[in-house]
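Peer 1: Provide a 3D model corresponding to the input given below.
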Amino acid sequence: MRRWLPLFICLLSLLASAQTKNIVAVKTTEPITIDGNLDDAAWKKAPVVSDFIQNFPNNGAPSSSHTEVRILYDNNAIYIGAYLFDDPALIRKQLTSRDAEGQQDVDFFSVFFDTYNDQQNGFQFLVTSANVQTDARLSNSDNTRSGDYGDKTWDAVWQSKTSIQSDGWVVEMRIPYISLRFPKSDMQTWGLQFLRSIRRINETSFWNRVDPNVSGFVNQFGKLTNLENILPPLRLSFSPYLSGGLRYNPEGTGKREEHFGSGGMDVKYGINESFTLDATLVPDFGQVVSDNVINNLSPFELRFQENRPFFTEGTELFNKAGLFYSRRIGATPTGYGSVQRLYGTSTNYEIVRNPSLTRLYNAIKLSGRTKNNLGIGVFNAIGAPMHAEIRDLNTKNDTLIQTEPLTNYNIIVIDKPFAGRSFITFTNTNVIRNGAARDANVSALDWGIYDKTNIYGITGGVHYNTIFGNTPYNSSYFLRTDTITINGRRYLKPYDGFSARLRLGKVGGKIQYFTSALIESDKYDRNDLGFLPAPNEITYQAGASYNQFQQTKNFVTYSYRLNLRLNQLYKPNNFSEAEITASAFWWFRNFWDVNLTFGIQPTWSVNYFELQKFGYRLRKPAFRYLNVSGSSDSRKRLFVNYEFAVSDASLKDDFGYLSLLGARYRFSDKFSLSLTALRQHETLQVGYAFSNEPDGAPRVGYRGNKEFTTILSGNYNFTPRMNFTLRARHYWNQLNYQSFYNVDERGYHIPRSFIPDQDENFNIFNLDAFFTWDFRLGSRLIFGWKNWLGDQYGVEGLTNTNYFRNIGKTLELEHGNELTLRFIYFIDYNQLRRKK
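Peer 2: Numbering: from 1, shown residues only. Down below sits the predicted model:
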């Protein structure tokens with residue numbers, strides 16, 4: 001009997017952890033002071049919860065340290081008081097930037113709310129032991145293993161305070177109802193979850209167990225019951241701003257000085273208890289981190305990260321169908337490049353001004369959920385017409401050339417979640433431009449169906465687009481459609497297209513597998529407000545994985561994966577490429593990790609887009625590659641990440657390698673520096689040579705391609721609300737052409753004579769530095785400095801053949817500089833009313 005007793009106790013523990021935990025909410029009328037001490041009388045009446053369960057590293061085991069959490073609410077806010085027992089000498093307390101606690105040397109505590117109790121959407125509020133805040137919006141995702149549980153770009157206004165005690169640390173939080181969305185009901189039940197992270201032992205534990213074998217995160221919350229008579233407040237706030245600056249642009253042998261300034265306002269208005277209107281009036285998006293620009297040798301547009309707060313905060317509903325690429329709004333005017341080409345080097349004309357960004361009149365977001373949990377979202381933005389001003393140097397007359405018409409961008413989303421993680425979503429995006437310019441409309445229906453255990457699932461979607469108005473003809477377009485001539489110019493006739501996808505498989509458990517199909521018709525086009533590299537493709541995929549989530553003798557966790565992929569054209573139904581990949585991931589008990597991937601494309605592929613001209617194809621050699629990557633224990637002062645890869649192709653002398661080495665050193669709890677260096681080299685890359693024969697036929701080049709990227713970033717945190725960040729990036733790319741070819745109708749290479757002087761030497765340099773001070777809740781002062789290289793091709797490549805020569809010469813060239821100051825002040829209408 002005795003030998004079965006431990007097993008019996010373990011079984012009882014697992015059964016208990018599998019049950020959904022509940023807390024009965026307690027309402028208070030007594031005041032609570034947010035000072036990091038749980039000595040207010042109200043806390044003595046609050047229910048206490050404990051018994052946290054590990055999610056990592058030993059999933060399912062009790063937390064190694066005791067935690068007690070109390071929760072109260074009143075007519076204005078919900079309050080959390082947590083006592084996290086520990087040896088105070090061992091508590092990690094690194095200061096970080098807001099939303100940046102991941103992989104840092106700091107303990108933290110978090111609360112999650114599923115206010116509609118739909119098991120799919122929610123809110124996160126996190127406080128570190130140094131009293132730095134993180135907040136996020138949660139959506140229907142199962143991403144819990146990365147440490148990020150939602151969209152951290154969302155920022156709310158709430159209070160927190162921490163204190164170190166003789167037997168642990170305390171966090172006290174006040175989350176006002178203006179920062180939440182919930183239905184209007186006399187009695188409510190919310191999903192509720194608490195998280196504690198103990199950094200020194202890399203332990204993450206939850207109040208209600210989160211089982212990695214089960215797909216989804218919000219669906220594994222506990223419950224907060226009996227929330228009575230919560231009266232949602234009037235949610236109205238204003239954030240007026242003023243900004244100004246000075247810019248020096250390189251121009252010839254000197255610099256052109258520009259002074260600029262603007263003012264505007266962001267408004268948040270709760271139309272009712274569930275729906276919120278966000279509006280930005282005369283927006284200014286100047287203080288954002290520079291894009292990671294590269295020398296784009298692919299036939300496809302580069303996709304850049306969105307860094308403008310209005311387009312990152314609270315947009316998860318609009319992104320659900322994958323049709324919203326917010327960088328389309330306020331982008332470079334479509335006619336900017338043609339003005340630069342026509343007049344930039346002219347001896348008869350001078351460009352007086354040619355704005356590189358489209359100005360916005362305003363933008364609004366309306367989103368929320370009804371009492372029946374029907375999600376509705378409406379987004380609208382209006383882009384101003386943009387003009388370039390050209391001066392005739394002979395007559396001194398100025399001419400305006402329109403580079404972008406007045407444009408309206410609109411999105412409508414209707415989303416209905418069902419039991420478990422199932423859902424159905426309708427999305428419509430619409431772009432209307434003034435006059436006869438191109439217009440676009442895209443509609444999508446997406447769905448997901450999961451069983452009650454969230455182990456098996458089917459997801460899919462159907463998208464349909466209509467393009468009308470005048471789209472200028474370009475021979476490099478990937479789609480095929482008829483043209484029409486208007487006033488001597490060729491335009492595409494209106495066209496429509498579709499996309500359909502289906503994926504089914506086992507999404508939970510140790511053994512997981514899937515099969516999927518994606519069809520994009522030859523005229524599918526969502527690029528007016530979305531992002532699509534190219535249409536006219538069919539992709540079939542299948543894969544399987546084995547995942548060990550329980551800690552073993554040597555590993556915290558590990559997994560093995562096998563994936564198969566086949567690509568072909570939609571029209572005509574021709575083979576494009578096939579690839580097989582196998583990978584393994586191991587996370588060791590010392591918290592080092594290694595990822596190993598082997599991939600092979602066993603046959604020559606046929607690329608129908610590389611030559612950037614419709615009707616031409618290029619055959620590329622079969623290849624195989626081996627990649628190994630990983631990182632050290634991120635708790636240490638010195639943290640290292642690495643990646644190494646080698647590849648070889650069936651084409652003689654075609655060999656490639658990649659090496660990446662990154663290091664982060666934490667000098668103190670306030671200051672850290674990171675340096676990353678990435679080098680890639682392919683000895684015989686086959687690709688478009690960016691030139692054509694006299695008859696318009698594209699040329700193919702065999703070239704050596706070297707790329708080197710270095711990023712230095714640093715962060716100094718003066719207080720939990722004041723920090724200085726710096727990021728410097730240098731990118732170098734050198735192309736050395738060895739031979740040139742034409743292609744026949746099947747894409748085979750036909751040798752031609754060598755073309756001299758086609759090599760490229762390309763450099764990019766950017767430096768971004770920001771001092772940020774959150775001087776009161778929701779209010780911020782930001783000072784920024786940006787520096788950039790003026791001439792990307794200014795470094796000669798014949799003698800400067802290595803990285804250090806290029807970065808040295810880059811720093812000697814003319815650079816642009818920009819200094820900016822931005823002041824934002826948060827005004828809560830409820831506070832003003834109470835003061836009055």
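
Peer 1: can you list phi and psi of Ile343 for me?
Peer 2: One thing to correct before we go on: residue 343 is Tyr, not Ile. Main-chain dihedrals, Tyr343, degrees, to the nearest 10: phi -120, psi -10.

Peer 1: does it touch Val352 like I think?
Peer 2: No: counting by CB atoms under 8 Å, Tyr343 stays clear of Val352, with 9.9 Å between them. Any C-beta I mention is one placed from the backbone N, CA and C, and that applies to glycine too.

Peer 1: grab the nearest non-local neighbour of Phe623.
Peer 2: Ala649 (4.0 Å; CB to CB, 6 or more residues apart in numbering).

Peer 1: cool, and Ile412?
Peer 2: Distances taken as CB to CB, 6+ apart place Asn428 nearest to Ile412, at 4.7 Å, with adjacent residues excluded.

Peer 1: before we move on, what about Met722?
Peer 2: For Met722, the spatially nearest residue (CB to CB, 6+ apart) is Trp773, at 4.7 Å.

Peer 1: what strand or helix carries the one you found?
Peer 2: In the assignment (DSSP states H and E), Trp773 maps to strand 760-776.

Peer 1: burial measure for the residue lying closest to Asp522 once chain neighbours are set aside, as a count.
Peer 2: The shortest distance from Asp522 to any non-neighbouring residue, by CB to CB, 6+ apart, is to Asn536 (4.0 Å). By the criterion of other CB atoms under 10 Å, Asn536 has 22 neighbours.

Peer 1: surely Tyr241 meets Asp266?
Peer 2: Yes: assessed by CB under 8 Å, Tyr241 is found in contact with Asp266 at 7.4 Å.

Peer 1: would you list every one of the strands in the stretch 451-600 of the chain?
Peer 2: Assigned by DSSP state E, counting those that start in this stretch, the strands in the stretch 451-600 of the chain fall at 456-468, 471-472, 483-486, 489-492, 495-506, 511-520, 537-548, 555-568, 575-588, 593-601.

Peer 1: now swap in the stretch 301-450 of the chain and tell me
Peer 2: Remark: strands assigned in the stretch 301-450 of the chain by DSSP E, counting those that start in this stretch are 349-353, 360-369, 375-383, 386-392, 398-404, 407-417, 423-433, 439-450.

Peer 1: could you give me the average pLDDT of the shortest one?
Peer 2: Over the span of strand 349-353, the pLDDT mean works out to 89.

Peer 1: taking strand 398-404 as reference, get the angle to it.
Peer 2: For strand 349-353 against strand 398-404, the angle by axes from the mean of the first three to the mean of the last three CA atoms, to 10 degrees is 60 degrees.

Peer 1: what do you get for the third one?
Peer 2: Between strand 375-383 and strand 398-404, the angle comes out at 160 degrees (the same axes, to 10 degrees).

Peer 1: packing partners for strand 375-383?
Peer 2: Under the contact criterion of 3 or more CB pairs under 8 Å, 6 or more residues apart in numbering; DSSP states H and E, strand 375-383 touches strand 360-369, strand 407-417.

Peer 1: how far is that strand from where the chain is centred?
Peer 2: 20 Å (CA atoms, centre = their mean, to the nearest Å).

Peer 1: for the first one, same thing?
Peer 2: Offset of strand 349-353 from its chain centre (CA atoms, centre = their mean): 37 Å.

Peer 1: now that strand and strand 386-392, what's the angle there?
Peer 2: Per the same axes, to 10 degrees, the angle that strand 349-353 makes with strand 386-392 is 140 degrees.

Peer 1: walk me through which strands strand 349-353 pairs with, and which way each runs.
Peer 2: Here strand 349-353 is paired, per DSSP bridges, with strand 386-392 (antiparallel).

Peer 1: how distant is the partner strand from the center of its chain?
Peer 2: 36 Å.

Peer 1: what about stretch 381-396, how long is it end to end?
Peer 2: One end of stretch 381-396 to the other measures 37 Å (CA to CA, to the nearest Å).

Peer 1: what residues of it count as buried?
Peer 2: By neighbour count with 16 or more other CB atoms under 10 Å, stretch 381-396 contains the buried residues 381, 383-388, 390-391.

Peer 1: kindly report the same for stretch 704-721.
Peer 2: For stretch 704-721, by 16+ other CB under 10 Å, it's 705-711, 713-717, 720-721.

Peer 1: kindly export that stretch (C-alpha atoms) in CSV.
Peer 2: Backbone C-alpha positions of stretch 704-721 (Å, rounded to 0.1, in the frame of the first residue of the first chain) are rendered in CSV as follows:
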residue,chain,number,x,y,z
GLY,A,704,28.6,36.7,-55.5
ASN,A,705,26.4,38.3,-52.8
LYS,A,706,27.8,39.4,-49.5
GLU,A,707,25.7,41.0,-46.7
PHE,A,708,26.7,42.2,-43.3
THR,A,709,24.5,43.8,-40.7
THR,A,710,25.5,45.2,-37.3
ILE,A,711,23.1,46.5,-34.7
LEU,A,712,24.2,48.2,-31.5
SER,A,713,21.4,48.9,-29.0
GLY,A,714,21.5,50.2,-25.4
ASN,A,715,19.0,51.0,-22.7
TYR,A,716,19.5,53.1,-19.5
ASN,A,717,16.5,53.2,-17.2
PHE,A,718,16.7,56.1,-14.7
THR,A,719,13.4,55.2,-13.0
PRO,A,720,10.4,52.9,-13.8
ARG,A,721,9.0,55.9,-15.8
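
Peer 1: OK, contacts around Asn272?
Peer 2: Each residue near Asn272 by CB atoms under 8 Å, 6 or more residues apart in numbering is listed here: 184, 232, 368.

Peer 1: run a quick neighbour tally on the residue nearest to the second one when sequence neighbours are not counted.
Peer 2: Computed as CB to CB, 6+ apart, the closest residue to Pro232 that is not its neighbour in sequence is Glu273, at 3.6 Å. Other residues near Glu273 number 20, with proximity taken as other CB under 10 Å.

Peer 1: my read: Glu273 touches Ser185, true?
Peer 2: No: using CB under 8 Å, Glu273 makes no contact with Ser185, being 9.2 Å away.

Peer 1: ok so, going back, distance of the residue nearest to Asp522 from Arg501?
Peer 2: Distance, Asn536 to Arg501, using CB to CB, to the nearest Å: 15 Å.

Peer 1: one more: Asn117?
Peer 2: Distance from Asn117 to Arg501, counting by CB to CB: 30 Å.
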